[in-house]
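Asker: predicted coordinates and the sequence they were generated for:
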Amino acid sequence: MAVIALKCSDIEVVVVDISEPRIAAWNSDQLPIYEPGLDDVVKQCRGKNLFFSTDVEKHVAEADIVFVSVNTPTKTQGLGAGKAADLTYWESAARTIADVSKSDKIVVEKSTVPVKTAEAIEKILTHNSKGIKFQILSNPEFLAEGTAIEDLFQPDRVLIGGRETPEGQKAIQSLKSVYAHWVPEDRILTTNLWSAELSKLAANAFLAQRISSVNAMSALCEATGADVAEVSYAIGKDSRIGPKFLNASVGFGGSCFQKDILNLVYICECNGLPEVAEYWKQVIKINDHQKSRFVNRVVSSMFNTVSQKKIAILGFAFKKDTGDTRETPAIDVCKGLLGDKAVLSIYDPQVTEDQIQRDLIMKKFDWDHPLHLQPKSPKSSVKQVSIAWDAYEATKGAHGICILTEWEEFKTIDYKKIYDSMQKPAFVFDGRNVVNAEALREIGFIVYSIGKPLDAWLKDMPAIA
Ligand SMILES: NC(=O)c1ccc[n+]([C@@H]2O[C@H](COP(=O)([O-])OP(=O)(O)OC[C@H]3O[C@@H](n4cnc5c(N)ncnc54)[C@H](O)[C@@H]3O)[C@@H](O)[C@H]2O)c1
Ligand SMILES: O=c1ccn([C@@H]2O[C@H](COP(=O)(O)OP(=O)(O)O[C@H]3O[C@H](CO)[C@@H](O)[C@H](O)[C@H]3O)[C@@H](O)[C@H]2O)c(=O)[nH]1
């Protein structure tokens with residue numbers, strides 16, 4: 001919304017949210033999320049044509065176009081628990097729109113939703129409409145965190161789905177004219193509603209599938225002596241495959257991939273397609289396998305026990321350039337190591353202590369609810385976990401280091417200084433392939449890099465899954 005405000009000075013944008021602390025933060029100098037370039041965009045428009053408010057009803061009533069970007073968590077109870085999208089917040093937003101509207105509106109699905117959600121939303125809106133006309137459009141968001149501003153300034157495509165009626169087509173044109181302020185026309189795709197809704201789930205499923213595919217290969221590389229970076233490079237040269245999104249890792253995280261695939265799996269099951277559902281489920285199974293394979297590698301390399309050993313965790317966010325920890329692989333890796341009684345010292349340049357403690361205690365899927373509905377701070381903290389201010393403090397006296405986020409600073413820290421302060425033998429388990437393994441081996445470290453030929457030490461201590 002901030003980018004729309006920046007690019008369309010003739011449009012007034014009001015962002016409304018039921019969370020008071022969040023809106024207060026958006027109105028302050030300390031924005032509630034870390035995203036490169038965002039501060040600058042907000043500062044340029046806030047108070048001019050970009051406003052943040054908790055007065056949902058007033059601003060919805062006044063708007064011509066309402067973008068609904070509320071959370072769509074995975075259901076934790078009842079029908080479809082663990083898979084289906086929980087549309088409680090969406091339904092509540094739609095009811096608010098229906099209740100407070102006094103003029104015709106375009107309602108845009110910006111949240112990622114199951115296919116056919118627009119049909120349900122239409123029913124809620126028209127049921128209470130008092131003669132007011134609503135047009136529903138699907139306009140899924142494809143930005144990635146960490147590069148959100150770049151992605152929004154120069155999107156590969158903007159996708160708008162709408163009804164095939166004259167009113168639907170007119171609404172599509174209205175939304176298209178917003179993006180046309182800065183996006184070339186040939187990058188604005190228009191489709192029917194269901195294609196737009198499904199394309200979002202399909203895009204994330206394909207992207208996640210690429211990572212699970214390369215991660216599956218990484219296991220085979222370790223077993224055979226192949227190097228996953230060389231394999232990725234070689235296959236990426238095939239223009240049909242392409243070079244992007246082929247980095248092996250400790251596993252994918254983030255608020256979208258797992259949730260959206262589970263949602264896709266559920267939709268397949270509901271449509272009588274169990275084989276298709278099973279196919280997509282494998283993407284998540286491989287991702288879970290990759291995380292537990294990493295934990296097993298750490299434990300087995302360190303004489304099959306990490307009990308009471310200090311392990312430094314470098315990086316907790318789900319990727320670099322964000323403070324977001326939703327579904328970060330670091331949660332499962334840390335829980336796995338804690339299960340083996342390790343003592344963890346965690347450092348991440350953008351994640352707070354409170355957030356890390358909360359993540360290690362929170363139940364699966366609980367993170368995806370509005371802030372004020374989540375537990376405020378952990379009832380108790382995980383005692384074997386401490387948070388460090390930098391990589392040197394985190395690694396002091398440690399037996400091993402796990403690199404779980406690819407922050408640039410982890411490439412340039414002084415590993416000799418770190419080695420000297422650690423217990424010996426000193427281990428580095430690089431879950432993001434960011435370090436120069438050879439240089440670290442020369443210092444004296446035993447190094448494990450995902451999908452790379454194994455040190456003699458590691459070969460002698462196979463990780464049994
Ligand atoms: N984060 C991403 O990079 C990304 C990218 C593409 C799509 N999406 C999708 O966008 C949606 C939102 O994701 P997010 O990461 O911004 O989630 P989020 O949890 O950070 O934000 C959702 C906000 O909606 C507010 N909210 C809930 N119910 C409300 C209501 N009835 N009225 C007003 N506000 C309400 C919450 O308080 C919260 O601040 C999800 O469907 C997600 O899948 C997210
Ligand atoms: O080669 C790669 C690329 C990514 N990742 C990991 O995959 C996860 C997701 O990364 P990324 O897709 O870059 O970030 P997200 O912000 O989750 O963005 C995804 O999810 C968004 C929400 O739906 C979509 O809008 C974006 O298009 C889609 O890329 C992260 O843990 C990455 O570290 C890898 O392990 N290897």
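Answerer: Received it, and whenever you're ready, just let me know what you need. Ligands and ions are numbered 1, 2, ... in the order given.
Asker: list the residues that contact Glu353.
Answerer: Ile387 (Cβ atoms under 8 Å, 6 or more residues apart in numbering). Where C-beta positions appear, they are placed from N, C-alpha and C, glycine not excepted.
Asker: now Lys411
Answerer: Taking Cβ under 8 Å, 6+ apart, we find Lys411 in contact with Val434, Val435, Asn436.
Asker: now render the residues you listed as TSV, adding pLDDT, distance to ligand 2 and neighbour count.
Answerer: Listed next are those as TSV, based on pLDDT from 0 to 100; distance: Cβ to the nearest ligand atom, whole Å; neighbours: other Cβ atoms under 10 Å:
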residue	pLDDT	distance to ligand 2	neighbour count
Val434	97	11	19
Val435	97	16	20
Asn436	97	19	13
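Asker: ok, these vs ligand 1, which is closest?
Answerer: Sorting the contacts of Lys411 by distance to ligand 1 puts Val434 at the head of the list, at 22.6 Å, by Cβ to the nearest ligand atom.
Asker: is the closest one part of a helix or strand, or is it coil?
Answerer: At Val434 the chain is in coil, as set by DSSP: H, G, I helix; E, B strand; the rest coil.
Asker: who's in contact with it?
Answerer: Ile403, Glu406, Trp407, Phe410, Lys411.
Asker: burial of the nearest residue to the third one once chain neighbours are set aside, as a residue count?
Answerer: Leaving aside its chain neighbours, Trp407 sits nearest to Lys320 (4.9 Å; criterion: Cβ to Cβ, 6 or more residues apart in numbering). Residue neighbour count, defined by other Cβ atoms under 10 Å, stands at 18 for Lys320.
Asker: what of Met302?
Answerer: Neighbour tally, Met302, other Cβ under 10 Å: 21.
Asker: repeat that for Thr405.
Answerer: Thr405: 29 neighbours (other Cβ under 10 Å).
Asker: quick one: it and Asp430, what's the gap?
Answerer: 11 Å (Cβ to Cβ, to the nearest Å).
Asker: check Val214 too.
Answerer: 16 Å.
Asker: Val13 is in contact with Lys7, isn't it?
Answerer: No. The criterion here is Cβ atoms under 8 Å, and Val13 misses it with Lys7 at 10.4 Å.
Asker: looking at these two, which has the bigger crowd around it?
Answerer: Of the pair Val13 and Lys7, Val13 is the one with more neighbours under other Cβ under 10 Å, namely 21 against 18.
Asker: quick check: closest non-adjacent residue to that one.
Answerer: Closest to Val13 by Cβ to Cβ, 6+ apart is Ala5, at 4.2 Å.
Asker: so who does Asp420 touch?
Answerer: Asp420 neighbours (Cβ under 8 Å, 6+ apart): none.
Asker: give the buried residues for the helix or strand harbouring it.
Answerer: Using DSSP states H and E, the element containing Asp420 is helix 415-421. Buried residues in helix 415-421, counted by 16 or more other Cβ atoms under 10 Å: Tyr415, Ile418, Tyr419.
Asker: can you put the residues you listed in JSON lines and add distance to ligand 2 and pLDDT?
Answerer: Shown next, in JSON lines, are those (distance: Cβ to the nearest ligand atom, whole Å; pLDDT from 0 to 100):
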{"residue": "Tyr415", "distance to ligand 2": "22", "pLDDT": "98"}
{"residue": "Ile418", "distance to ligand 2": "23", "pLDDT": "98"}
{"residue": "Tyr419", "distance to ligand 2": "26", "pLDDT": "98"}
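Asker: for ligand 1, tell me whether stretch 206-215 is touching it.
Answerer: No. Stretch 206-215 does not reach ligand 1 (Cβ under 6 Å from any ligand atom); its nearest approach is 11.8 Å.
Asker: list the buried ones in that stretch?
Answerer: Quick answer for stretch 206-215 (16+ other Cβ under 10 Å): Leu207, Ala208, Gln209, Arg210, Ile211, Ser212, Val214, Asn215.
Asker: with just CA atoms, put stretch 116-127 into CSV.
Answerer: Provided in CSV are the C-alpha atoms of stretch 116-127 (Å, rounded to 0.1, in the frame of the first residue of the first chain):
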residue,chain,number,x,y,z
LYS,A,116,-13.5,-20.1,-4.7
THR,A,117,-13.1,-17.8,-1.7
ALA,A,118,-14.4,-14.9,-3.8
GLU,A,119,-17.7,-16.8,-4.2
ALA,A,120,-18.1,-17.0,-0.4
ILE,A,121,-17.2,-13.4,0.1
GLU,A,122,-19.6,-12.3,-2.6
LYS,A,123,-22.4,-14.1,-0.6
ILE,A,124,-21.5,-12.3,2.6
LEU,A,125,-21.3,-8.9,0.9
THR,A,126,-24.4,-9.1,-1.2
HIS,A,127,-26.5,-10.6,1.6
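Asker: just how off-centre is that stretch within its chain?
Answerer: 28 Å (Cα atoms, centre = their mean, to the nearest Å).
Asker: next one: stretch 243-259
Answerer: Offset of stretch 243-259 from its chain centre (Cα atoms, centre = their mean): 9 Å.
Asker: stretch 445-454 now?
Answerer: For stretch 445-454, the distance to the chain centre is 26 Å (Cα atoms, centre = their mean).
Asker: quick check: end-to-end length of it?
Answerer: 13 Å (Cα to Cα, to the nearest Å).
Asker: that stretch close to ligand 2?
Answerer: No. Shown here: stretch 445-454 not in contact with ligand 2 (Cβ under 6 Å from any ligand atom), separated by at least 9.5 Å.
Asker: how about that stretch: buried residues?
Answerer: Quick answer for stretch 445-454 (16+ other Cβ under 10 Å): Phe445, Ile446, Val447, Tyr448, Ser449, Ile450, Gly451, Lys452, Leu454.
Asker: got the buried residues for stretch 269-285?
Answerer: Glu269, Ala277, Trp280, Lys281, Val283, Ile284.
Asker: is that stretch positioned near ligand 2?
Answerer: No. Applying Cβ under 6 Å from any ligand atom, one finds stretch 269-285 separated from ligand 2 by no less than 11.6 Å.
Asker: alpha carbons only: can I get that stretch in PDB?
Answerer: Only the C-alpha atoms of stretch 269-285 are listed here, as PDB (Å, rounded to 0.1, in the frame of the first residue of the first chain):
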ATOM      1  CA  GLU A 269      -8.500 -33.600  -1.300                       C
ATOM      2  CA  CYS A 270     -11.800 -31.800  -1.200                       C
ATOM      3  CA  ASN A 271     -12.000 -32.100  -5.000                       C
ATOM      4  CA  GLY A 272     -11.500 -35.900  -5.000                       C
ATOM      5  CA  LEU A 273      -7.800 -35.700  -6.100                       C
ATOM      6  CA  PRO A 274      -5.900 -37.700  -3.500                       C
ATOM      7  CA  GLU A 275      -3.000 -38.500  -5.800                       C
ATOM      8  CA  VAL A 276      -2.500 -34.800  -6.600                       C
ATOM      9  CA  ALA A 277      -2.700 -34.000  -2.900                       C
ATOM     10  CA  GLU A 278      -0.100 -36.600  -2.100                       C
ATOM     11  CA  TYR A 279       2.200 -35.300  -4.800                       C
ATOM     12  CA  TRP A 280       2.300 -31.800  -3.300                       C
ATOM     13  CA  LYS A 281       2.500 -33.100   0.300                       C
ATOM     14  CA  GLN A 282       5.900 -34.500  -0.600                       C
ATOM     15  CA  VAL A 283       7.300 -31.000  -1.000                       C
ATOM     16  CA  ILE A 284       6.700 -30.400   2.700                       C
ATOM     17  CA  LYS A 285       7.800 -33.900   3.700                       C
END
